[in-house]
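[1] 3D, please:
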Amino acid sequence: MNAMAPDQLDADLIRSFMPGAALEKLQHITLLQEVDSTNTALLRLPGEQQHAHAVMAEHQTGGRGRRTRSWHSPPGGNIYLSLGWWFNENDKPLSTLPLIAAVAVCRALSRSGLSGHGIKWPNDILVDGRKLAGILVELQSAASGPALAVVGIGLNVRMPAAETDELAAAIDRPWTDLASAPGLAHKDISRNQLAAWLLEELPQALETFQSEGFEAFKSDWLDLDLLHGRNIRVEQGNREIAGRARGVDHDGGLLLETSPSVVRVFHSGEVSVHHG
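    Residues are numbered from 1 along each chain as shown. This next block holds a predicted model:
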């Protein structure tokens, strides 16, 4: 196999890369050639089949990202993965799940040999300022009681060369893939191995969150925080608020220092780095 050549996803091969303890946390892997969205496919399953169930696809026709954006999902070279997880007791801040998932993805990527990657709040994975992976967490829950989280991950492994012009038109922000990452361009990395690392790290992170909450991840998240100390702007509707990023609070909200001794908390918004 040529360096970083796209390999066909194979559930049995993915399982063979996973240690027994990780396999015990995973109920099922469903592989699809084409689907509208792996998140949507998982949400269509009966409730008793959703927990610890991973749905993957070679191609998404309607991949979704945050803030109703689409996720460009060409076939055969990337990873599109969703994992369902039921929380029987809704006593932890589920708003932090996107941040926790981002930490888990970064841990998996570090195992590939990647370095220099980090998180742009709340859960975009960037390398050299370019987006490598995105995460969409969808929740279904009542005010109290059980809650279903569907964690969707789109990871650019090797974007097909034929898609380059289309990608430039379809994606409105800088992007990259693992095939272009420093130190990995000539390394032979299997998508099945990457999927195995993701499916090892993500359930482990969700289990830890169930027992310990976001505090167990906050230190790692802050180490990966690409915005900390930088001058940024937060866009909310027609408003734009400028300040200096100061990390996150216990609920995963972005801390923005808008003036000396004044720190505001944001749980939503579009963030950009201010270079002026």
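[2] Could you point out which residue ranges in the stretch 101-250 of the chain have low pLDDT?
    For the stretch 101-250 of the chain, the stretches flagged by pLDDT under 70 are 142-144, 161-172, 185-186.
[3] if you set the cut-off to 50 instead, what comes out?
    Judged against pLDDT under 50, the stretch 101-250 of the chain has no low-scoring part.
[4] could you pull out the helices for it?
    Taking DSSP state H, counting those that start in this stretch as the test, the helices found in the stretch 101-250 of the chain are 164-170, 191-212, 215-224.
[5] and the residue nearest to Lys92 when sequence neighbours are not counted, how far is that from Val263?
    Counting by Cβ to Cβ, 6 or more residues apart in numbering, Lys92 lies nearest to Gly213, which is 4.9 Å off, once chain neighbours are set aside. For every residue, glycine as well, the C-beta is placed using N, CA and C. Remark: distance between Gly213 and Val263 (Cβ to Cβ, to the nearest Å) = 22 Å.
[6] So for Leu32, which of the helices of the stretch 101-250 of the chain sits nearest?
    Checking those against Leu32 by Cβ to Cβ gives helix 191-212 as the closest, at 13.4 Å.
[7] Now that closest one: buried residues?
    Residues of helix 191-212 classed as buried under the neighbour-count rule (16 or more other Cβ atoms under 10 Å) are 191-203, 205-206, 209.
[8] which strands and helices sit next to it?
    Contacts of helix 191-212 with other secondary structure elements, assessed using 3 or more Cβ pairs under 8 Å, 6 or more residues apart in numbering; DSSP states H and E, are made with helix 11-16, helix 20-25, strand 79-87, helix 97-111, strand 147-155, helix 215-224.
[9] closest one to Val35 among those?
    strand 79-87 (8.1 Å).
[10] Tell me which other helices or strands that closest one touches.
    Using 3+ Cβ pairs under 8 Å, 6+ apart, strand 79-87 is in contact with helix 38-43, strand 53-60, strand 147-155, helix 191-212.
[11] Met18 in helix, strand or coil?
    coil (DSSP: H, G, I helix; E, B strand; the rest coil).
[12] From Ser112, how far off is the closest residue to it other than its chain neighbours?
    By the measure of Cβ to Cβ, 6+ apart, the closest residue to Met18 outside its immediate chain neighbours is Ala196, 4.9 Å from it. Using Cβ to Cβ, Ala196 is found at 11 Å from Ser112.
[13] again with Arg44
    Arg44 sits 31 Å away from Ser112, going by Cβ to Cβ.
[14] Would you mind telling me which of these two has the busier surroundings?
    Ser112 (19 against 12; other Cβ atoms under 10 Å).
[15] Would you enumerate the residues in contact with the closest residue to the more buried one other than its chain neighbours?
    Spatial nearest neighbour of Ser112, chain neighbours left out: Ile189 (5.7 Å); criterion: Cβ to Cβ, 6+ apart. Counting by Cβ atoms under 8 Å, 6 or more residues apart in numbering, Ile189 touches 4, 112-113, 157, 178.
[16] got JSON lines for these, with distance to Trp86 too?
    Listed next are those as JSON lines, based on distance: Cβ to Cβ, whole Å:
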{"residue": "Met4", "distance to Trp86": "36"}
{"residue": "Ser112", "distance to Trp86": "29"}
{"residue": "Gly113", "distance to Trp86": "34"}
{"residue": "Val157", "distance to Trp86": "29"}
{"residue": "Leu178", "distance to Trp86": "31"}
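[17] which parts of whatever helix or strand Val263 lives in are buried?
    Secondary-structure element containing Val263, defined by DSSP states H and E: strand 262-266. Within strand 262-266, the residues that count as buried by 16+ other Cβ under 10 Å are Phe266.
[18] contacting residues around it?
    Contact with strand 262-266 is made by 234, 236, 241, 243, 246, 249, 253-258, as judged by Cβ under 8 Å, 6+ apart.
[19] Narrow those residues to those that are buried.
    Applying 16+ other Cβ under 10 Å to those flags 234, 243, 246, 249, 253-256 as buried.
[20] Contacts only, for Ala245.
    By Cβ under 8 Å, 6+ apart, the contact set of Ala245 is 121, 225, 227-230, 232, 254-257.
[21] what about 10 Å?
    Shown here is Ala245, whose contacts under the criterion Cβ atoms under 10 Å, 6 or more residues apart in numbering are 120-121, 225-232, 234, 254-257, 271, 273.
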